[in-house]
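Engineer: Sharing a model that was predicted from the sequence below.
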Amino acid sequence: MQTRPLGTTGLDVPILAFGASSLGQEFRRVTLEEALGSVRTALDCGLRLIDTSPFYGRGMSEVLLGVALRDIPRNDYLLCTKLGRYDLAHFDFSARRVAESIDVSLHRLGTDHLDIALCHDIEFVPMQQIIDETLPALRRAQAAGKVRFVGFSGYPQKIFRFICDATDVDCVLSYNQYTLQNTRFADETVPFLEAKGIGVMNAGPFSARLLTDAPLPAWLKEPEEVKAAARAAAELCRVRGTPIAKLALQFALANPDIATTIAGSANPANIRAWAEWATEPVDQELLADVQQIFAPVKNIGHVEGLPVNN
């Protein structure tokens with residue numbers, strides 16, 4: 001698997017990383033065999049950066065990852081987890097909870113250190129707390145050797161400049177904002193992050209199944225006009241003999257300014273297909289036609305978190 005440097009951290013990360021949210025049954029029920037098999041397949045295919053969170057399955061994802069990774073040498077993979085979001089409406093970014101959360105994640109994951117720890121979905125709380133309390137607490141965990149690199153994740157592009165202009169972070173994660181339909185992350189934010197030497201991570205190349213042939217989750221917030229364009233684009237891809245998911249993933253991976261793109265599945269066959277797609281050239285003619293379909297709804301998203309953070 002091709003790798004890229006993660007900002008100035010010194011980490012070389014695979015361009016395609018394994019997202020373990022599916023292990024927490026965020027999209028469907030998952031068997032233990034599927035969960036363990038998907039982790040092993042990801043590592044076999046070179047997806048050696050694994051992203052999880054205590055929010056995914058309310059701890060289930062981290063627990064299953066800990067089981068799956070138990071007999072695998074720690075140097076064979078990189079672990080990224082998050083803190084601060086623990087349920088749909090349960091957020092706690094206090095310094096005390098930062099310390100507790102890291103210790104709980106280390107226990108669940110069966111490791112003595114995290115390669116990356118991120119404040120999770122910070123747009124749901126006043127951002128000044130992240131600057132004044134949460135990130136300093138993460139730096140203390142870093143100084144104690146429990147975390148190698150720290151940062152934050154979120155959806156609105158406003159949060160990245162606000163935080164990174166006020167304090168130092170090692171890396172950030174944006175989700176659903178660098179896709180076939182929405183490129184705001186690369187358009188508005190990535191050059192700013194690169195100038196500061198901050199590692200750039202992208203999640204959600206399929207935009208929560210919007211850019212796949214799978215049924216959409218009930219909680220998907222994208223407007224109907226975006227969903228309609230996605231259906232039209234998927235139909236064109238079917239006619240041309242290429243799954244829209246393949247085009248979506250290849251598009252995300254092709255951007256050299258994004259160190260890694262995180263995609264998740266508890267289906268080992270999906271992961272093997274993704275690894276193969278990562279080695280194949282993009283159908284540029286199909287890409288141009290799909291982008292034309294999305295042009296009327298390009299960069300249309302939704303409000304996420306506190307309105308003031310959008």
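Structural biologist: Yes, it's here. Residues are numbered from 1 along each chain as shown.
Engineer: For residue 294, the count of nearby residues, please.
Structural biologist: Applying other C-beta atoms under 10 Å, we find 21 residues neighbouring residue 294. Using the backbone N, CA and C atoms, a C-beta is placed for each residue, glycine as well.
Engineer: just checking, what packs against the host helix or strand of it?
Structural biologist: Using DSSP states H and E, residue 294 sits in helix 284-294. Packed against helix 284-294 by the contact rule (3 or more C-beta pairs under 8 Å, 6 or more residues apart in numbering; DSSP states H and E) you find helix 224-240, helix 244-253.
Engineer: Deepest-packed of those helices, please.
Structural biologist: With neighbours defined as mean count of other C-beta atoms under 10 Å, the helices and strands packed on helix 284-294 peak in mean count at helix 244-253, which reaches a mean of 23.
Engineer: So which residues of the stretch 1-150 of the chain form strands?
Structural biologist: For the stretch 1-150 of the chain, the strands defined by DSSP state E, counting those that start in this stretch cover 3-5, 12-14, 16-19, 49-51, 78-83, 85-87, 90-91, 114-119, 147-154.
Engineer: need those strands in CSV with mean neighbour count and distance to residue 59, can you?
Structural biologist: Below are the strands of the stretch 1-150 of the chain laid out as CSV (neighbours: other C-beta atoms under 10 Å; distance: least, C-beta to C-beta, whole Å):
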stretch, mean neighbour count, distance to residue 59
strand 3-5, 15, 30
strand 12-14, 21, 25
strand 16-19, 26, 16
strand 49-51, 27, 15
strand 78-83, 26, 11
strand 85-87, 17, 8
strand 90-91, 15, 12
strand 114-119, 25, 15
strand 147-154, 24, 18
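Engineer: If the spatially most central residue of the chain is in a bridge, with which residues?
Structural biologist: Closest to where the C-alpha atoms of the chain average out (C-alpha atoms, centre = their mean) is residue 203, at 3.0 Å. Beta-bridge partners for residue 203, by DSSP bridges, are residue 175, residue 262.
Engineer: What distance do you get for it to residue 133?
Structural biologist: Distance of residue 203 to residue 133, computed by C-beta to C-beta, to the nearest Å: 25 Å.
Engineer: now do residue 60
Structural biologist: Residue 60 sits 28 Å away from residue 133, taking C-beta to C-beta as the criterion.
Engineer: re earlier: the residue nearest to the centre of the chain: what's it in contact with?
Structural biologist: 19, 51, 153, 173, 174, 175, 176, 261, 262, 263 (C-beta atoms under 8 Å, 6 or more residues apart in numbering).
Engineer: picking that back up, next, format the strands of the stretch 1-150 of the chain as TSV and append distance to residue 257.
Structural biologist: Formatted as TSV, the strands of the stretch 1-150 of the chain follow (distance: least, C-beta to C-beta, whole Å):
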stretch	distance to residue 257
strand 3-5	9
strand 12-14	14
strand 16-19	16
strand 49-51	17
strand 78-83	19
strand 85-87	27
strand 90-91	30
strand 114-119	19
strand 147-154	17
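Engineer: Serialize those to CSV and add fields for mean pLDDT and distance to residue 228.
Structural biologist: Shown next, in CSV, are the strands of the stretch 1-150 of the chain (pLDDT from 0 to 100; distance: least, C-beta to C-beta, whole Å):
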stretch, mean pLDDT, distance to residue 228
strand 3-5, 98, 35
strand 12-14, 98, 34
strand 16-19, 98, 27
strand 49-51, 98, 30
strand 78-83, 98, 33
strand 85-87, 97, 31
strand 90-91, 98, 33
strand 114-119, 98, 33
strand 147-154, 98, 27
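Engineer: For residue 235, which of the ones you listed is the nearest?
Structural biologist: Residue 235 sits nearest to strand 16-19 of all the strands of the stretch 1-150 of the chain, at 26.0 Å, using C-beta to C-beta.
Engineer: Would you mind measuring from residue 127 to residue 281?
Structural biologist: On the measure of C-beta to C-beta, residue 127 and residue 281 end up 41 Å apart.
Engineer: Sketch out the low-pLDDT regions of the stretch 1-150 of the chain for me.
Structural biologist: Applying pLDDT under 70 to the stretch 1-150 of the chain picks out residues 26-27.
Engineer: At which residues are the helices of it located?
Structural biologist: Applying DSSP state H, counting those that start in this stretch to the stretch 1-150 of the chain gives helices spanning 32-44, 60-68, 95-109, 127-129, 135-143.
Engineer: what comes up buried for the shortest one?
Structural biologist: In this case it means helix 127-129. Judged by neighbour count using 16 or more other C-beta atoms under 10 Å, the buried positions of helix 127-129 are 127, 129.
Engineer: who's in contact with that helix?
Structural biologist: Residues contacting helix 127-129 (C-beta under 8 Å, 6+ apart): 93, 159, 162, 163, 309.
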